[in-house]
Structures are given as C-alpha cells and as structure tokens.
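> Fold the following.
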Amino acid sequence: MCFRIFTMALFSCAVILVGCAGLTPDTYKGYVGEDASRSEVAIVEAATAAIYEINGHELKHPDPGQYYRQVYLPPGEHTIKLYRWFGVSALIVSKGFIEVVSQPLSVNLKAGHTYELHADRTTGVIRVILWVEDSSTGEIVAREADPQLLQ
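Presented below is the predicted three-dimensional model:
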C-alpha cells in the first residue's frame, strides 16, 4: 500500500514538473496594454541571431541559457541589439567559442510585418555581421556598418 501511494505521489510530481516546463515563455510582449492582433504589431523573431536588447532594455529570459524567440512591438522606430555565439577553433580563441553583441541597430518596424534577426561569420580571420531582415519583403532593414573583427 505504501509503495502504491509513493508511486502515485512520484507520478503526480513528475506531471506537475512537466507541466511547469511548458510555462516558459518564448514570446515577449514589448508594449503595455491589451494583447494586439498580429496585424497591429511588428514581430521580431530570432532566426540565426537572438534578441539581446530592445530600446535599451536587455531581454533576460526567465530560464537561464534560453532566449525569447519572438518579441511583439508597436510599429515605429526602435533600437535592437542582436546576440550570437559561434564555435571556433581553440587555436583562435582558447575557450572554443566567441560571443557577439551587435551595436544598437535603428530600425523602423511596420505593423503586420515580421522581422528576422540574422548573423554570419567568416572563417580564418573572424568577421561577424549581424542584420535585421523584413521576412515579408526579404529587404535588409538594418545591419552593422562594418563586420566586427574578432581575434
């Protein structure tokens, strides 16, 4: 009897833990007020780069090591910082990876549009470029003027 109660209690705890794991948000609402429809906001999505900061506000995900996949923002002018890490040879960087945060990128976001954040790098002498692309049109709407040179 005790074993059965113990098993049921253990199962209940497992169900609660699995349920709580699903509560971690992937989307950040970057405005105050009632939820708006997708046609009323601009959506910024992590593609090959993550969202580091919006309008001077660093976005820290409640689950360490995770990041927000989408940010819903009111249309208009915003500044965005992008984040990306890349694995590299330990001969280039002893820790085996580099982390890059872009300079603040100014972008005019349109309602009903989705914007993807991207990053890429060269090999050898490492240069990293970060940019914001309107996924509706394919247009690059913001990017760093010069690729970051890392050594």
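
> Tell me where the chain has helices.
All helices of the chain, identified by DSSP state H, fall at 2-21.

> Counting residues, name the longest strand you see in it.
strand 76-87 (DSSP state E).

> Which strands border that strand, and is each parallel or antiparallel?
For strand 76-87, the paired strands and their directions (DSSP bridges) are strand 50-54 (antiparallel), strand 97-101 (antiparallel), strand 105-109 (antiparallel).

> I'd like to know how far residue 101 sits from residue 130.
Separation of residue 101 from residue 130 (CB to CB, to the nearest Å) stands at 9 Å. Quick note: C-beta positions are derived from backbone N, CA and C, even for glycine.

> what sits against residue 105?
Listed by CB atoms under 8 Å, 6 or more residues apart in numbering, the contact partners of residue 105 are 79, 80, 81, 82, 130, 131, 132, 142, 143, 144.

> For the longest strand of the chain, C-alpha coordinates in CSV please.
The C-alpha trace of strand 76-87 is given here as CSV (Å, rounded to 0.1, in the frame of the first residue of the first chain):
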residue,chain,number,x,y,z
GLY,A,76,7.7,52.7,-35.3
GLU,A,77,11.3,53.4,-34.7
HIS,A,78,13.2,51.0,-32.3
THR,A,79,16.7,50.1,-31.5
ILE,A,80,17.7,46.5,-31.3
LYS,A,81,20.8,44.7,-30.3
LEU,A,82,21.4,41.2,-31.6
TYR,A,83,23.4,38.3,-30.0
ARG,A,84,25.1,35.2,-31.4
TRP,A,85,27.7,32.8,-30.4
PHE,A,86,29.8,30.7,-32.7
GLY,A,87,32.1,27.7,-32.2
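
> any idea how far it is from the chain center?
8 Å (CA atoms, centre = their mean, to the nearest Å).

> what comes into contact with it?
44, 48-56, 67, 96-109, 117, 119, 121, 126, 128, 130, 132, 142.

> Among the residues you listed, name the buried ones.
In the contacts of strand 76-87, burial by neighbour count holds for 44, 49-54, 67, 98, 100-102, 104-105, 107, 109, 117, 119, 121, 126, 128, 130, 132, 142, counting by 16 or more other CB atoms under 10 Å.
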